[in-house]
Structures are given as C-alpha cells and as structure tokens.
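[1] here's a sequence, model it:
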Amino acid sequence: MLRSSRQLMRLAPRLPAVPAAPKATSFSTKTPYAALQSPKRTSLAIQGRLTPMALQARYTNSPYDKIDKKAEKEIAQKKLEPRPEEVSAESSTRKFWEPAPANPQNDENLSGGLEKEVNIVRDTFNLSEVPREPYALGLAGTLPYLATSLSTVYLTWDLNVEWPSSSTFANNVFMNHESAQYWLNLLEPIQLGYGAIIISFLGAVHWGMEYAEKTPHPRRTPFRYGMGVLAPMIAWPSLLMPIEYALTSQFAAFTFLYLADVRAKNKGWTPQWYGVYRFVLTAIVGVSIFVSLVGRTKVGNAQPHIGQGLAESMHKGKSDESRDWGKLEEEEKKRLRKEKEEEEKEKKAEEKKRKAEEKKTAKKGESKGKDNKGGDEDKKDESESKDESKDDKEKKE
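    All right, here's what the predicted structure looks like:
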C-alpha cells in the first residue's frame, strides 16, 4: 500500500501513456502484449522502470491519504495563544493600491546596480579571449597616435602662451613660437601618413583571412576582397586635404571599417574575439584624432581671436619659413618712410603755391582799391564844385 499517490500524479504529465491494466484483482507485473506491439510505446528501458510504480498506484486500496482524525481533534481542542504585540487594526488587511511587500533579494540587486554597470563596462573591454600576440601588437600600434595627439596639444598650447614670459618655469617648459610651429608642421604628415597605413592594413587583414580559407564563398569572398581594395582608396587621398578635413575623413574611415568588421564577425567570417578587439583599438584611435582636432582649432584660421600677431604667424605657409622676415620688415619700413617723405614734400610744395597765389590776389586787391578811392575823390570834388557854382548863381540872382 502506498501512503500517497500525489507524487505519481505530479509525474503523470511527464510520463508516457501507460496501457490500461486489466480489471482483475490478481497482481501481475507482465506488460500486455498489445502495449508492446503499439507504435506509440516508450522505450523498454523507461517502461521497465515505470511499470511497477504504475501498478502499485493502480492497486492501492484508497486513492487518498488517510486522515488522522485523532491528531486533528487534538489540534482543534488546542487553544490559540494571544499575541497582541503582532496584531493591529490594519495588520490583517491591505489596501488594493498598497504595493506588495519588498523583496529583500531585489533590494540587494538594486544596491549592487552600480557594481553591475561597472562589471558590464569591464566585460565590454575584456580582452582575455584575445590571443596574446595581436593584443600586444594592437596596443603598440596605437602608441604613435597617442604620441602625435599629445604633442599637438602641447605645441598648440605653447603657441597660445606668451614667450618669453616672466615665469622661469614657463620658459623652461615651453619653447619659442618658431620652433613650436616647425614641430607642429612636422607632425602633420607623420600623423596623416601613419593613419593611412593603418587603414590600409585593416583592409588587408581581410585578404589574409580569405587566403586562409580552402574554398571561396559567394558572399564572403567578394566582401573581403572589396574591403582590401576600398580601405586604401579611402585612406591615401586624405593626405591631399587640409589637416582638419584629413583627420575627419580618417576618423570616418576607422568607424566604417569597425562597422564592417562587426558585420563580418556576426556572420562568422572572423574570430569571435575580433569584434571586441577592434572596438577597443578603434576607440583609442578615435579619441586620439578627436584630441588632435581640438588642439588644431586653437590656432590658425579656426581661432582668430587669440591675437593678431599669433594669428599672422600661424597663417604663414611652409615655404615662408625660408624667408628672412627681419630683412623684409626693414625694407618695408624704408619704403613706408620714403612714401611719407614724398607726401610731406608734396604738401610743402602745395602750401608754397597756395601762399604765392594768396599774395598775388592780395596785391591785385590793393591796386584796385586805390583806383577806386581816387575816382571817388574826383567825383566828390566835382560834385562840390558844382554845388558851389550853383550857390554863386543863386546869390547873384
């Protein structure tokens, strides 16, 4: 007799269908012949383990557990102990808008949220699956970019600082503007050329992977060969652009190649660690290019308010470095001095002419005034003589 058949009932959905047993009361462990011949029967190994359990469940006298009435009667007669400290007016009720009790496990998870975020970032940059050789060589390949970017920031900072200054520390740390401009112009082709080489190398990696394959693939093979050709076509024309446009185009090329490599990794055309490996290296190179662009914006045409003298010194071309600017400045001063002297001579000559003309006009005015005065006096004498003759005539009359 089984104490309980509930465990077997729980296993019922997972067990295969057991053939119906005969209604005879005799105990038999033999499996019916029809069940063995049925196409839906289970394997003999499983059936051999489950058949005795099913037969035992079938031949129990009672389908349920026996109720211990004596124990239940004792529990019913036992009095409940009062615990007023655990009871309140609302202890047994809960309003429908009241939230469910907090789960301590969820609280622990929330408290460790920051730790999880840090772990996610750490797993993102985890390069433990990357082989040692490409890991070391890849990080070493980013060092020239970091060096050129930091040097660009230092030189542009130097060009924005007045030199020589009253501070001995600044004079020891910084260099003169001519040297800073020389080194800044020297770093430009180095950074752009190295970037073009790295971009071409990232495209050539796909050629190497394709050469390692034994058979071509209609989608993989054109993709890899196309990447090997497209990468140098994008990289090398950037050397003909101005420095700001060249760095921006190379940044876009690195981003495009990273997305293409991720697509190849998702399709299984590259090792699984290649996506994380490329992400870390592309992030380092992208930050370096961004720092270089920020430093470049502090000098030249992009920043005209840093000072007229500094802006003019930064607008000079590379060919202007061979000119003797001191000599040219002296010649320009001499030319301006001569022009001023000639202008002063012309002004003096004009003043002399003007004064001579004024004298002539003054003399002519004096002679005309004298003539006018003599005529007026004659007219007065004639009028007076006429008046006297008239008076004499009147007296005679």
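[2] so, low pLDDT: which residues of this protein?
    The chain contains residues with pLDDT under 70 at 1-65, 88-112, 124-125, 298-323, 366-397.
[3] what's the domain layout of it?
    The chain breaks down into these domains under automatic domain parsing: 6-58, 132-318.
[4] tally of neighbours for Ile199?
    25 (other C-beta atoms under 10 Å). The way it works is simple: take the backbone N, C-alpha and C, and place the C-beta from them, glycine included.
[5] number the chain from 531, please
    In the new count, where the first residue is 531, that last one comes out as Ile729.
[6] show me which residues of the helix or strand containing it are buried.
    Ile729 is part of helix 707-742, with elements assigned from DSSP states H and E. Buried residues in helix 707-742, counted by 16 or more other C-beta atoms under 10 Å: 707, 710-711, 714, 717-718, 721-722, 724-726, 728-730, 732-733, 735-736, 739-740.
[7] just checking, what packs against that helix?
    Helix 707-742 sits against helix 673-689, helix 750-765, helix 773-796, helix 804-826, helix 838-844, with contacts defined as 3 or more C-beta pairs under 8 Å, 6 or more residues apart in numbering; DSSP states H and E.
[8] what about 7 Å?
    With contacts defined as 3 or more C-beta pairs under 7 Å, 6 or more residues apart in numbering; DSSP states H and E, the packing partners of helix 707-742 are helix 673-689, helix 750-765, helix 773-796.
[9] identify each buried residue in the second one, please.
    Buried residues in helix 750-765, counting neighbours by 16+ other C-beta under 10 Å, are found at 750, 753-754, 757-758, 760-762, 764-765.
[10] so what touches it?
    When contacts are defined by C-beta atoms under 7 Å, 6 or more residues apart in numbering, helix 750-765 is touched by residues 726, 729-730, 732-734, 736-737, 739-740, 780, 783, 787, 790, 794, 799.
[11] ok, 8 Å please
    Residues from elsewhere that reach helix 750-765, judged by C-beta atoms under 8 Å, 6 or more residues apart in numbering: 725-727, 729-730, 732-734, 736-737, 739-740, 743, 779-780, 783, 786-787, 790, 794, 797, 799.
[12] Ile597: what secondary structure?
    Secondary structure state of Ile597, per DSSP: H, G, I helix; E, B strand; the rest coil, is coil.
[13] neighbours of it, how many?
    8.
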